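[1] Okay, predicted coordinates and the sequence, questions at the end:
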Amino acid sequence: METAQEQVQEQLIPIAEISSMNDEDVIDAFSEQDKNPPNKNPTTSSDDMVFGKNFKQRLESQSYKIIGRHSAVKPCGWTKKSIKGEGGCYKSQFYGINSHQCVQMTTYLSCANFCNFCWRDMTGKAHSDFVGEPDDPKMILDAAVEGQKDLLIGFKGYGKADKKKYEESNFPKHFAISLTGEPIYYPRLQEMLDYAHSKGATTFLVTSGQAPEQMRKVTPTQLYLSLDAPTKELLEKVDRSINKDSYEQLLGSIDALKDARSRCRTVVRITCVKGHNMVEPEKYAELVLRANPLFLEVKGYMFVGSSRQRLKLENMPYHDDVKQFALEIGKHCGYDLIDESPISRVVLLMRKEDLSKKMLPRC
Ligand code: SF4
């Protein structure tokens, strides 16, 4: 049990140090503050009608580059660290992606949930499906690559950057489609994934589990499903979805993930929020068994970004808390601890017979 003094000290850790402790979302959360707050009284645009007043401008002020009508890109903190020669993210350790050649992006800016642990900007409108006209998939991917290049240009003459890595960053090999919102709502997503794969890149796609039908239509390299609670009651409390049938949608997504395993690598991801959802490990295990994923990633909530308005520092589990809880889940469903990254407070579990599939095949 940490003392109050330890808690205060933890809060006082410099941002640069904390950012080296966690994954992409956490590092990004520190830059989610508005640098140039948008004009408070602009005229109402069609974007405002779809995503909420000033939402795109707010994202731009937080260093997102908006692409077309519904997509965005923003370099991950680990991409920048990797270019500086300061190491890669846990997905580079677990699966072998190159963090400096990763493009973090989304193909849809809104999602259906208001998860209490989410550190992203939650001021936009929630959607339970795609709204408007879908943009061209090649345009989105190409613009994401160009946008990322623009946003990383500062490393070109930066003395502390690894020159080779900076140059390689101009040729992405991985797309992390998870930046914000619910990217799977984009109806032409598979065309974009195919385009990325045709360039020899890998794709990781994350869904919050509110779009099972769309899950059945896509084949990324690795498909993630967030599992935020073990029961209907808790899911409704934690995810606060606008969908009245959010638990049924989650169960449908679990079944869709199970079916996806024959065509791509699949992951169940649990974000542990101490005092909220770190309960009933055997019920999590039942859902994991039903989803039958190749990987089970269990990670800790971090007290950063907009989530600080809803949660407290003590809701952030230590790496050991996360690991013990993951082991408990694994015990009930036959998944073993395979890898861990204390710096990101995340552990990886797999079935022993799948071990040879851990690393991505080189593309
Ligand atoms: S996969 Fe990409 S976006 Fe995710 S943590 Fe690694 S570098 Fe960042």
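    Looks like it came in fine. Residues are numbered from 1 along each chain as shown.

[2] For the rest of this, base every contact and every neighbour count on C-alpha atoms.
    Fine.

[3] Spell out which parts of this structure neighbour the ligand.
    Within the chain, the positions near the ligand by CA under 6 Å from any ligand atom are 23, 24, 76, 78, 79, 89, 91, 99, 102, 104, 176.

[4] at 5 Å instead, please
    Selection of the chain residues close to the ligand by CA under 5 Å from any ligand atom yields 24, 76, 78, 79, 89, 99, 102, 104.

[5] in what helix or strand does residue 297 lie?
    Element membership for residue 297 (DSSP states H and E) is strand 295-300.

[6] Buried residues, the next helix or strand after that strand. List them.
    Beyond strand 295-300 on the C-terminal side, the first helix or strand identified by DSSP H and E is helix 319-333. Buried residues in helix 319-333, defined by neighbour count with 16 or more other CA atoms under 10 Å: 319, 321, 322, 323, 325, 326, 327, 328, 329, 330, 332, 333.

[7] Looking at the closest residue to the ligand within the stretch 201-350 of the chain now. What's its pLDDT?
    Residue nearest to the ligand within the stretch 201-350 of the chain: residue 204 (7.7 Å; CA to the nearest ligand atom). As predicted, residue 204 sits at a pLDDT of 98.

[8] List the residues that contact it.
    Taking CA atoms under 8 Å, 6 or more residues apart in numbering as the criterion, residue 204 is in contact with 174, 175, 176, 177, 178, 220, 221, 222, 223, 224.

[9] Residue 83 now?
    By CA under 8 Å, 6+ apart, the neighbours of residue 83 are 100, 155, 161, 162, 163, 165, 166, 169.

[10] Please verify my assumption that the third one contacts residue 85.
    It stands for residue 161. Yes. Contact criterion CA atoms under 8 Å: residue 161 and residue 85 qualify, at 6.8 Å.

[11] can you give me the strands for the stretch 151-300 of the chain?
    For the stretch 151-300 of the chain, applying DSSP state E, counting those that start in this stretch gives strands covering 174-177, 202-207, 222-226, 265-272, 295-300.

[12] could you check the angle strand 222-226 makes with the longest one?
    Think strand 265-272. Strand 265-272 runs at 30 degrees relative to strand 222-226, counting by axes from the mean of the first three to the mean of the last three CA atoms, to 10 degrees.

[13] For strand 265-272, which helices and strands make contact with it?
    Under the contact criterion of 3 or more CA pairs under 8 Å, 6 or more residues apart in numbering; DSSP states H and E, strand 265-272 touches strand 222-226, strand 295-300.

[14] closest one to residue 286 among these?
    strand 295-300 (12.9 Å; CA to CA).

[15] Would you mind writing the CA trace of the closest one as PDB?
    What follows is strand 295-300, C-alpha atoms only, in PDB (Å, rounded to 0.1, in the frame of the first residue of the first chain):
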ATOM      1  CA  PHE A 295      -3.100 -13.000 -27.300                       C
ATOM      2  CA  LEU A 296      -4.400 -11.600 -24.100                       C
ATOM      3  CA  GLU A 297      -2.900  -8.200 -23.200                       C
ATOM      4  CA  VAL A 298      -3.600  -6.900 -19.700                       C
ATOM      5  CA  LYS A 299      -2.500  -3.400 -19.000                       C
ATOM      6  CA  GLY A 300      -2.800  -0.800 -16.300                       C
END
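
[16] returning to what we had before: dump the contacts of residue 83 into JSON lines; add pLDDT and neighbour count as well.
    Putting the contacts of residue 83 into JSON lines (pLDDT from 0 to 100; neighbours: other CA atoms under 10 Å) gives the following:
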{"residue": "100", "pLDDT": "98", "neighbour count": "31"}
{"residue": "155", "pLDDT": "97", "neighbour count": "18"}
{"residue": "161", "pLDDT": "97", "neighbour count": "19"}
{"residue": "162", "pLDDT": "96", "neighbour count": "18"}
{"residue": "163", "pLDDT": "96", "neighbour count": "17"}
{"residue": "165", "pLDDT": "97", "neighbour count": "19"}
{"residue": "166", "pLDDT": "98", "neighbour count": "25"}
{"residue": "169", "pLDDT": "98", "neighbour count": "24"}
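
[17] Give the bridge partners for residue 269, please.
    According to DSSP bridges, the partner residues bridging residue 269 are residue 226, residue 297.

[18] what sits against it?
    224, 225, 226, 227, 296, 297, 298, 299.

[19] burial count for the fifth one?
    Under the neighbour criterion other CA atoms under 10 Å, residue 296 is assigned a count of 27.

[20] Ok, the fourth one next?
    Taking other CA under 10 Å as the neighbour definition, residue 227 ends up with a count of 24.

[21] Leaving out the residues flanking it, which one is nearest to it?
    residue 270 (5.1 Å; CA to CA, 6 or more residues apart in numbering).

[22] Test my guess that that neighbour contacts residue 208.
    No. Using CA under 8 Å, residue 270 is not in contact with residue 208; the gap is 10.8 Å.

[23] Need the overlap of contacts for those two.
    Joint contacts of residue 270 and residue 208 (CA under 8 Å, 6+ apart) are 226, 227.

[24] Put together TSV for the contacts of residue 83, with distance to residue 352 on each row.
    Formatted as TSV, the contacts of residue 83 follow (distance: CA to CA, whole Å):
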residue	distance to residue 352
100	30
155	41
161	39
162	37
163	39
165	34
166	37
169	34
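
[25] and the residue in the stretch 51-200 of the chain positioned nearest to the ligand, how many neighbours?
    Here the stretch 51-200 of the chain gets closest to the ligand at one residue, residue 99, 3.8 Å apart by CA to the nearest ligand atom. Residue 99 has 28 neighbouring residues, counting by other CA under 10 Å.

[26] who wins for proximity to residue 280 among the strands of the stretch 151-300 of the chain?
    In terms of CA to CA, the element of the strands of the stretch 151-300 of the chain nearest to residue 280 is strand 265-272, at 12.1 Å.
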